[in-house]
Every structure is written in C-alpha cells, then in structure tokens.
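Asker: Show me how the following folds:
(2 chains)
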Amino acid sequence: MNDKFDVIVIGAGNAGLISALELVKSGKKVLILEKENVPGGFATSFIRGRFEFESSLNTLCEYGSKESPGEIYKLFEKLDLLDKLDFTTITDAFHVYSIDENVNYKMPFGILEFMEKMEEYVPESRNAMKKFFVLAEEAKEALTYLASQKTNVDADYLKRNFPDFLKVSTHTVDKVLDALKMPKRAQEILTTYWIYFGSPTSKLSFVHFATMMFSYITKGIQIPYKKSTEISFLLANEIEKNGGKIKYLSPVKEILFKDKKIAGVMLVDGRIFESSHIIANLSPTFVYGKMIPNFLVPKNALKLTNSRILGARGFAIYLGLNQSVEDLGLYEYSYFIHENLNSNKEYQNRSTLKNCSSVVYVNNNAIPSCSPKGTTVVTFFSLFMGDVFSKNVTEKNYFDMKSKIATRMIEAFERTTGIVITPYIEEIEIATPITFARYGGHPDGVIYGYKATGMDNLIPRLLSLEEENYIPNLRFCGGFDALLSGYSSAYLSGEMVAKLTLKDEEGEE
Amino acid sequence: MELDLKGLGKKDMLALKNVKNERRKIIHDSSADPIFTQFLANEIASNLHPTIQYVKVAEILEAGKSAKTFVLIPDIDSGTKKLAYFRPGQYVCIQIQIEDGIYKRPYTISCSPKKAMDNKYTLTIKRRNQGIVSNYFIEKVKVGDTFSISGPKGNFYYEPIRDAKNIIAIAGGSGITPFISMAEAVMDGILDLHLTILYGARTKEDFLFFHRFEEMKKKSKRIQVEYILSEEDDENFISGFITKELIEKYMHKENSYFLCGPLSLYEKMNVLFKELNIPNKYIRYDSFFGRIDLNRNEEYNLTVLTGGKKITILCNTKETLLSSMEKNGILAPSQCHVGKCGFCRSKLKSGKVKMFDDALLEAEKGKKYIHPCATFPESDVVIELPF
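Answerer: Next up, the predicted model:
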C-alpha cells in the first residue's frame, strides 16, 4: 500500500502549501488533499474572456526587498524560492476617500514621508505619529520574540527590552492612539487599513495593527507579476519535486481515529489515507463540528470554538474594462472608498446591506501587462460584517441581489472619485459570501477567519496556542489560527505549524 | 527609550501575564454544546452550486427533427431533493455510463429558471453524427431512467451591469437552447430585457421550438424571432445568411450580441461585427464546438496515472485525450468539454500533444499543465489526473 503518510495536510491554501513544503524539505512523506482543482485556496486567478483576474492578492506585506528583507522574503529565501518568483513594488501606500465628508487623503510609504504628509493634512500630528512608529517597531520586535517563545515567555526579558510594548500589549488601537494624544483625524487616516483586519479599532489589538502597519510603511507592498497563482503553483511544484503528493478534487469528509488517536482521513468519495499527523488548513468550526464525531471532540475544543465570533464576510467585484488606465483617468493603485473614516462607524455601515464602501484596486497600476493593451483590470473588495448578507439572500433573489450591491459599490466609487467606469465594463464577475462559502469552504463565507476582538486577538491566540492543541497531532494553520488572516500571516502560519508538527513527531520517538 | 503613554503604566505591564487566564475564563464559561455548522451562506452555496445532482427522466417530448426534450426531476432515491436554480444560458454536465464507457457532456438547460423552482429542468438534445451520448439519448433513454448531472455551470448569461438591455441573439442549429431559456425567462418576468433571436438553420425541419417561439412572439413585444434558412428556400423565411441589414433592423441605441452555434457561425459573424464596428464588450460567445483536425488519423498510446494506478489505452489524433479516456471507462474530471473552464486540468508527464491553451492561467503556461478536453496526442503520451 502506498497510502500511508507522515503528515496529511487538509487544504492547499497558502498556509497548507508552505507547511507541506517545509515538511517535505525536512524529509517527511506528505500528502495534501485539496477540494478544488488548483492549489492556493483564495490565492488563485480565473479567466473571463480576454482577462485573467487575480482573485485576492493585492497587497503582500512583509516581503520587502533584498536590501530590506521582510519575514516573507526570508521565508522564501530559506525555501529556495526567490529566483523562481518575480515581484513588483507598489509606490503609494493608499488613497482614502470619505463618502460622507467628501474629503480624501493620499498617503505615501516610508515613515518620514508618511509623517510629513500627515502633518500637512493634520497639523500637530507629527509628535504622536513619531511615537506611534517607535512603539510599533518595539512591538514588532517583542512580537517576534513572543512568537518564537510562545509558552516560555521570560517576563524579565520582556520588561528589560520591551517596556512600552508591555504597557500596550493588551490594549486596543483606539486606547493606545488616544494615549499617544494623536489627533482624531490623524488616527482615522492612519487606521485606514483596519479593514484588512475586519475588526474596528475599538476592538482590534494595537500590537497586531501596529506591527502590520509598521511593515507596510517601512517595507512597502509587493505582488508577483503573474498573480498569486505564480506563488501557489510554484509551491505546489516544489512540494511535488521534493517528493510530496497533492491530490486535487479530493475533499475530506472525516478525520479518522484509532484508539482515540489520529489515524488518517476519509474522503467524500470513500478513499482512505493513513497518517498519525494532520494539519488542517481550514476552520476549527468545520473540523471540530463536521469532520470529527462529536464524542471525540474534547470539551474545551467545543467551548473554545463556541466562544468565537466569525469575522468579516467577503464581497468582490472583478472588472475587465475596455479602456486603458490613461483613458479612464485611473491613476492610483488603491482607492479606499469609506463611507466614514471612523472605523467604528464604518463597521456599523458594513453591517447592513446598504454598505457601498470598498477598496478598489487598479491592477494595471502595479502590473501594466496584467491585461491586454488598451484594457484595465479593476477589482473591488468589500466586507459584510455579521450574517447580514446570508440572512437576506435566497436562491431566487441571489443573482439580483449581488448585481444590485455591485452596482451600488461601483456607483459610489464613480461618485466619490469622479471617475466613470461602468460603460467600459467588458467582463464582470461578482463574488459574494456565498462564493466564499463554496470556494473557501468557510463558515458563512468569512474570509478573515474568526473576528479579532477581545481575548481572541493576536497575542491571546499566540500565547494560548500550545494549551489549545486539544487533540494531539491535529494542528491548525491559516486565517483561523493564531496569526490570523492575510497572505503574510498565512505563509508564516504554515511555517509555524510545520515546526510544531515536527516537534510533535519528535515527541513520539 | 520609554514613551510617555498617557494613562498607561505599571498595571498594564502585568496585563500580559493575565492574558492566558482571561482567555481560559472565557473558554470555561462558554457552552460545550455541539458546534453550530448549518450556516445559511453554506446552505445556499450548496443549493446553488451542488457538485452533483441525481435526476430522473420524467417525460420525453419530440422537439423537431432528430431532437428530443428531456424533462428531468430530482431522483429522490439517490439523495437529490431539489434542483439548483440557474441563470438562463447556463449548462449542466451530464454523466452517464454507456456500455464500457463513462461519458460527460455539457448541455444547456432549455427551460426557464422558474421551472427549476418547481424542481424541473429540460434538456433538449439533438442527434449528432458521431455523437455517442446524443445518439444514446435519442434512441435509448426512456422515462424513468436515472443519471447524474453537475450543478449549473458557465458564464453565458445576461449580466445587467455589463450587457445592454436589447439583446440580439444569433443562433445556429441546436445553438438555440440558451436562447429558448432566456426567452422563457423574459416571459416569466425573470429577465428584464428585449430579446431578438436571429435563428439560422439548414432546413425548416431543423428549427427547434418553432411553435413555442411563435406563441411567445404573439404574447410579448419583448421577444422577436427571425428564421434564416441556409439550404432551403421558403417564402415565409429569410434565405441565405444573416446580413448586416438584418442586424441593423433590430438594433436599438445600445445592443449586446449573444452568439451560440458552430464555429463557422462565429467566423462569419466576426466579419460582420467588424464591419459594424461593435466593441468586444457587446459580444458574448458560448463555445460548445470542439476543434478537431479531421484530416489526421494516427493512433498513439495514452498512459493515464490515476489513484496510484497506471492504465494504458489507445488514443486517435482525431479525438481528445478526454474522449479516449471516456470510451475506456476512465473517470476523469471534465465539465465544459471545449478547453475553457479548466476543470479537467491535468499534468503532462511525457509525450507531445497539441492543445488549445487559451484557458491556461498565466502561471500555468510552460509548466506542462494540460486540459485533456482540448488536447490531442502527437506521440505516445503519459498524463497524470489531478486526484
């Protein structure tokens, strides 16, 4: 029999792929089971007419460059992937618009440039902004230490090296920015990226936000020329080249146990693969709730899962336009169209079906060759908070409802920026929470895992990681896990889970 | 350097120590009930996009010369309780066993989506000369037979954000099926548009749904149908081919053109569209034609690696790798059968092939990925299926 493996990875998402590659490179016999016919999960692309659309990667942070490598650069270097990938860099950080106030702010990369511009928009913000970046840098170093230690945190070491981090480590973004006496408007502009976390600044961990923001502003944003599929397919090929196996169109139905220990998986089509180690690149909600018989799920795993709140649901519009960026006057890479710049108010707006906010990416302004000459690819991303979308949708009204919401978002963009795109739409695809529920297989169409709030923020998750490993040899990775969602988080999560799995294996010997 | 953080101090420095305890407390106080998994979005997703639907033939209707309409209902005994809603113009992929072969074929749903709400689909199948599946359906399939189909697939449908409200549909032969569905949806108030169908066929007998279209024309000003005969003369019909003038007759200010038919139709229409200066945006294609080179006739070995097994069969240069796998009963993934949807994506391990690669993703190109439904052998070939 050829179907016994050291480790089985369920789901070929970003984290699953990295974990498998780490493990095959450590000499393990690994099988990835993926329900779709391509690797990558949401890191994929699709074709409509003469356009190929990137489905989700518009900002890869923590990559950086050879001169200033970020965590992802170092990870890819270690995995020997660098010379097989081709990245381009985005020049401006973001351009945010408020629909309510009819104002907009365009922010650059680089700490000095960022502070300078902010001072221009919000006089007397410089001092607080400077402190923010100092604090963010310290938080980043402290977090790296915590992530490397997890359970064995040395309190004295933390106190000596990261005193300010300790003061803010459990607080929300709002609380710390207020303590820094940052003017409100500067806070609102600075926290534009809150939507990448899906949690408003009154709930979001300061450390999580500040460390990511620090990477964005200091390292910039990179994306691969051939879209996220370039990375997904490369990872898949490297896994296979190193002896790993990937089976597509192979959804897992059940995790199998023998004497209450992990023994393997059974697929929907009845095939069985054996392994005593499983890495799940999917939600604990469905793993504990559907893939394991309830009597085998430890009580605390049920309790933990029941205590969590599902995060933001995704909504995306992919447009192929039959005009060039110059013809259309689309000069920015990203337009953040917020009804309100205050994230807490905006969170409420996005909890209703009237939500017309979105982030609009002009893909050609990063990769001019991403569509045929004289055309432009524009992608809208929005979030619905809570179950407002799924509560209101039926099979019959679904197609109308998604067209109506998309129309409203496109119109809001046009009204706010004064740029007209509707008459030039040659191809359009709309993805909704229904699409993400189906394609990602995630509960209720969430794209950011569990909501980052209170004790389910980054630091509590990270510190509790080991004690919440409720079923020995079953590990999780990806957006639902300790590092939360996002491309860079997912890659790092894959690296982390591979290490933990190797440790689990050593423990057995 | 220590920062002056207003209101934050010593107390907060201890907070990190308590994080684990606080989280433990929340977990402790939470319910140990079974985890809720019946999310609405997932339920609607699986209703709208089922991976498989088991169906039963409820009725068979004559639909014109060598064509039949099959009315399908859920095969409850096999576990399908209801049929998925769809957009007019979408297809389902039939899977059926005929002798030793396992075949999949895409067929456009030919009824209104309203029928799906009543748990009915109709598929109208016309006999094709060499068509194993179409011949089987016309000759052998009877009421009560069961088989499986995919969920609704394909992107050939009216999209209100992109398309004009005046649709000029151009159909060749059995390419009429998406348009009867659209017309029925207009009649049912599901689609809000004007639909003119320019319907070309060889002879009068080849027109499908003639009476139904005449009925719709009488009932609604939103539906118009013109018949064009290419190999027969009849004073009641236009003879020859679709002309610029004919199209201009039905043009409004803004028009979208939907095409479905044989390759020759697309080629001829492309010339007309160029003359009329119509941008790509307004032209939608449903491709269901294969691009087979009938001049060649060589046979090669095709070795298929699947599920740890290695199976070698013969494959002719006239047939796709997929179709020779089907004949030999090898279950391979497939959906659109024209190299467009990418569902059959497999790996070429060795050998030379000829592939229509317009559906390969940028990152896949040059990496030995193939779509067996649009790939022909040029030597002995080894491929690996995705599962």
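
Asker: since we're on the nearest residue to B:Tyr300 once chain neighbours are set aside, how many residues are nearby?
Answerer: What sits nearest to B:Tyr300 in space, not counting adjacent residues and going by CB to CB, 6 or more residues apart in numbering or on different chains, is B:Pro377, at 4.4 Å. In short, each C-beta sits where N, CA and C put it, glycine included. Other residues near B:Pro377 come to 25 when the count uses other CB atoms under 10 Å in any protein chain shown.

Asker: residues contacting B:Pro377?
Answerer: B:300, B:302, B:315-317, B:321, B:351-354 (CB atoms under 8 Å, 6 or more residues apart in numbering or on different chains).

Asker: redo that, cut-off 7 Å
Answerer: B:300, B:302, B:315, B:317, B:321, B:351, B:353 (CB atoms under 7 Å, 6 or more residues apart in numbering or on different chains).

Asker: Quick check: which helices or strands does the longest helix that chain B contains pack against?
Answerer: With residue count as the measure and DSSP state H as the assignment, chain B has helix B:10-29 as its longest helix. On a contact count with 3 or more CB pairs under 7 Å, 6 or more residues apart in numbering or on different chains; DSSP states H and E, helix B:10-29 meets helix A:163-168, helix A:299-307, helix A:458-463.

Asker: residues making contact with that helix?
Answerer: Here helix B:10-29 makes contact (CB under 7 Å, 6+ apart) with A:155, A:159, A:166-167, A:169-170, A:300, A:303-304, A:307, A:455, A:459-460, A:463-464.

Asker: What residues sit buried inside stretch B:241-253?
Answerer: In terms of neighbour count (16 or more other CB atoms under 10 Å in any protein chain shown), stretch B:241-253 has its buried residues at B:242, B:246-247, B:250.

Asker: Please list the members of these that lie in helices.
Answerer: Those of the buried residues of stretch B:241-253 lying in helices (DSSP H): B:246-247, B:250.

Asker: Low-confidence stretches in the stretch 351-500 of chain A?
Answerer: Of all residues in the stretch 351-500 of chain A, none has pLDDT under 70.

Asker: near chain B, which residues of it show up?
Answerer: Applying CB under 7 Å from any CB of the partner chain, one finds that the stretch 351-500 of chain A approaches chain B through A:387, A:390-391, A:393, A:395-396, A:398-399, A:403, A:406-407, A:425-426, A:428, A:433-434, A:437-438, A:443-445, A:455, A:459-460, A:463-464.

Asker: State the three-state secondary structure for residue 128.
Answerer: This is for chain A. Following DSSP: H, G, I helix; E, B strand; the rest coil, A:Ala128 is assigned to helix.

Asker: Let me know the distance separating it from A:Asn355.
Answerer: Per CB to CB, to the nearest Å, A:Ala128 is found 31 Å from A:Asn355.

Asker: Wait, a helix at A:Ile47?
Answerer: No: looking at A:Ile47 with three-state DSSP, it is strand, so not inside a helix.

Asker: OK, contacts around it?
Answerer: Neighbours of A:Ile47 in contact, by CB under 7 Å, 6+ apart: B:359, B:361.

Asker: Least confident secondary structure element in chain A?
Answerer: Every helix and strand of chain A was ranked by mean pLDDT, DSSP states H and E. The lowest is helix A:155-161, at a mean of 88.

Asker: And that helix, what's buried?
Answerer: By neighbour count on 16+ other CB under 10 Å, the buried set for helix A:155-161 is A:Leu158.

Asker: ok, now which ones touch the residue of the stretch 151-300 of chain B found nearest chain A?
Answerer: Taking CB to the nearest CB, chain A has its nearest neighbour within the stretch 151-300 of chain B at B:Lys281, 4.0 Å off. Residues counted as contacts of B:Lys281 (CB under 7 Å, 6+ apart) are A:322, A:425-426.

Asker: Next, count neighbours for A:Thr218.
Answerer: The number of residues packed near A:Thr218 is 19, by other CB under 10 Å.

Asker: On the secondary structure side, give me the element for it.
Answerer: Using DSSP states H and E, A:Thr218 sits in helix A:206-219.

Asker: For the helix or strand where A:Thr88 lies, give the mean pLDDT please.
Answerer: Under the criterion of DSSP H and E, A:Thr88 resides in strand A:87-89. Average pLDDT, strand A:87-89: 92.

Asker: Output the contacting helices and strands for it.
Answerer: Short answer (3+ CB pairs under 7 Å, 6+ apart): strand A:87-89 packs on strand A:222-224.

Asker: So which residues make contact with the strand it packs on?
Answerer: Under the contact criterion CB under 7 Å, 6+ apart, strand A:222-224 has outside partners A:57-58, A:60, A:63, A:85-89, A:230-231, A:366.
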